[in-house]
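**Student:** Curious how this folds, go ahead:
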Amino acid sequence: MQETTSVPKLKKQKVVLQKVKSTAGTLNNIIKSHKFYKNKKVFYPSLILSIVILYYVINSLFKTTTSDVPTYKVNKEKFLVTITESGEIRALNSTSITAPRVRGNIKIVYLIPEGTFVDSGDTVVQFDPAEAVNNLKDAEAKLEIAISERDKVLANHKSSTSRVESELRSAELSFELSKLNLEQMKFEAEIKQREAKLNHQKNELSYNKVKQDLESQKIINQSELNKVNIDVQQRRSDLEKAKKDLEMLTLTAPQPGLVVYEMNWNTGRKVTIGDAPWSGMTIVSLPDLSAMESVTFVNEVDVSRVKKGLPVEIRLDAFRDSAFFGEISSVASLGKTKDNSQIKVFEILVSIKSKSDILKPGMTSSNKIIINEIPNSIVVPQEAVFEKENKKIVYVKNGSSFEEREITVGEKSENYILVKKGLEAGDEVALRDPYSVVDESDESGTTSTIQQPELNKK
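**Tutor:** So this is what the prediction gives:
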């Protein structure tokens, strides 16, 4: 775009305006003067003289102001409709290091400085291990209790089994003895034979019962042993999990790379020591610097105009003289609030086509999204367009003065506005209202409109 002329301070305008007011006041006093009104020989010449003085003062005022008004010369040029948003450079591809999925709350107590180049295995993040250490001690204690309970159960099983086996052996012996005794009673009286037979049957029943009790006791013992073994196995698993949780509180680099902190959306800033991230949250990333992109956000009012594939000019805040070119690779479908405000923004990813060593992850970028390009357009700075009686107007320079002209406007960019009708190439327009002056006594630079003072009719 064309540069505008410099704006000189209008030091003479206030003085001239004061002259206008003074002269108008003098003329007003002349008209009200009863003596001059009665003395026509004095009145009329004085009136004519005052009018002439007022004319020349006003004429000199307008010559001064129009010559000091900054202007812009209109040309036909390519008009760019743009949206500029700040963003941040990041690698297109990177390895993320995330918060571990462990029981309980975690808090960052150590972060390797951002920008550090790490080797594989280097410690990058350390979380507070206090809770994990307590969990580990608790798991160890529970495992010891479970093992002790199993040992107790095994001792009880050994005792009960030994007792039943002893009873079984005794019952077996009684059964065998009664059996021999029954054989010996073949030649005895019938009543004795019958008594021996009943005794043998009794011993047989006792033997079978004890034998069955032993089998039942074995089943019960095995069931109880299985239960305590499962408990011990569970406690061992809990202990291994507690050990693993403690180990996971130290995050190491899986590969060499440059450390870049990620955003903590709970706080609206990058992660820092003392943060309590959720499980799976990305803490730092190790970017691939061979392909870069810029991440920015567009207000919900403008997102409908932003499309995938639109060209973007990227500049770094740290290197304003360097420009990089890219295009929009992704437009988020869902909006989100940013910086605890109620305004919804949509994430925009800009793929950077250029390559440079100065492009580093985390650098602040300015992203000029080119929405539209209109060739051979008449454009003027937005400060050259004024609204008067619901009409858009400009002040076109005509010799030593300015004339008011109505225009029809179209699209506008951040600084310029398209003029569809009312101006031609070569026209010179004012960049401020030429009929207003800056009140130098006011530090805010307020303007006052120059008007012809009205005469007191009385």
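**Student:** can we go C-alpha only for contacts and neighbour counts from here?
**Tutor:** Noted.
**Student:** quick one, helices of the chain?
**Tutor:** 11-32, 34-38, 40-68, 130-184, 190-248 (DSSP state H).
**Student:** Lowest average pLDDT across those helices?
**Tutor:** Lowest mean pLDDT of these: helix 34-38, a mean of 49.
**Student:** For Ile369, which residues are in contact?
**Tutor:** Thr82, Ile83, Thr84, Val306, Leu310, Pro311, Val312, Glu313 (CA atoms under 8 Å, 6 or more residues apart in numbering).
**Student:** quick one: which two of those residues are the most distant?
**Tutor:** Longest distance between any two of these is 14.1 Å, between Val306 and Glu313; criterion CA to CA.
**Student:** isn't Glu85 right up against Ser294?
**Tutor:** No: Glu85 lies out of contact with Ser294 (CA atoms under 8 Å); the separation is 10.7 Å.
**Student:** Of these two, which one has the most company?
**Tutor:** Ser294 (27 against 17; other CA atoms under 10 Å).
**Student:** picking that back up, take the contacts of Ile369 and keep only those in strands.
**Tutor:** If you go by DSSP state E, the contacts of Ile369 have Thr82, Ile83, Thr84, Pro311, Val312, Glu313 in strands.
**Student:** Count the residues that sit near the fifth one.
**Tutor:** Val312 sits with 23 neighbouring residues when counted by other CA under 10 Å.
**Student:** how close does the nearest residue to it once chain neighbours are set aside get to Thr296?
**Tutor:** If the residues on either side of it in the chain are set aside, Val312 comes closest to Ile369, at 4.5 Å by CA to CA, 6 or more residues apart in numbering. Separation of Ile369 from Thr296 (CA to CA, to the nearest Å): 11 Å.
**Student:** quick revisit: just among the ones in strands among the contacts of Ile369, which is most surrounded?
**Tutor:** Val312 (23 neighbours).
**Student:** if I pick Val228, what's in contact with it?
**Tutor:** Here Val228 is in contact with Ala146, Glu149, Arg150, Val153 (CA under 8 Å, 6+ apart).
**Student:** Closest one to Ala99 out of these, please.
**Tutor:** Ala146 (32.3 Å).
**Student:** what about that closest one, neighbour count?
**Tutor:** Residues near Ala146, counting by other CA under 10 Å: 21.
**Student:** which residue sits closest to it, ignoring its sequence neighbours?
**Tutor:** Val232 (5.2 Å).
**Student:** how many other residues sit next to the residue nearest to Ser413 when sequence neighbours are not counted?
**Tutor:** Distances taken as CA to CA, 6+ apart put Val81 closest to Ser413, at 4.7 Å, once the chain neighbours are dropped. Neighbours of Val81 under the rule other CA under 10 Å: 20.
**Student:** Val81 bridge partners, please.
**Tutor:** Taking DSSP bridges as the rule, Val81 bridges to Asn372.
**Student:** what residues are up against it?
**Tutor:** Ile370, Ile371, Asn372, Glu373, Glu411, Lys412, Ser413, Glu414.
**Student:** show me what contacts the fourth one?
**Tutor:** By that I understand Glu373. Counting by CA under 8 Å, 6+ apart, Glu373 makes contact with Lys78, Phe79, Leu80, Val81.
**Student:** how about a cut-off of 10 Å?
**Tutor:** Shown in contact with Glu373 (CA atoms under 10 Å, 6 or more residues apart in numbering): Lys78, Phe79, Leu80, Val81, Thr82.
**Student:** got it, and Val164?
**Tutor:** Ser170, Val210, Lys211, Gln212, Asp213, Leu214, Glu215, Gln217.
**Student:** Could you rerun that using 7 Å?
**Tutor:** Listed by CA atoms under 7 Å, 6 or more residues apart in numbering, the contact set of Val164 reads Val210, Leu214.
**Student:** same deal with the one 10 residues further on?
**Tutor:** Contacts were defined as CA under 7 Å, 6+ apart; by that measure Ser174 touches Asn203.
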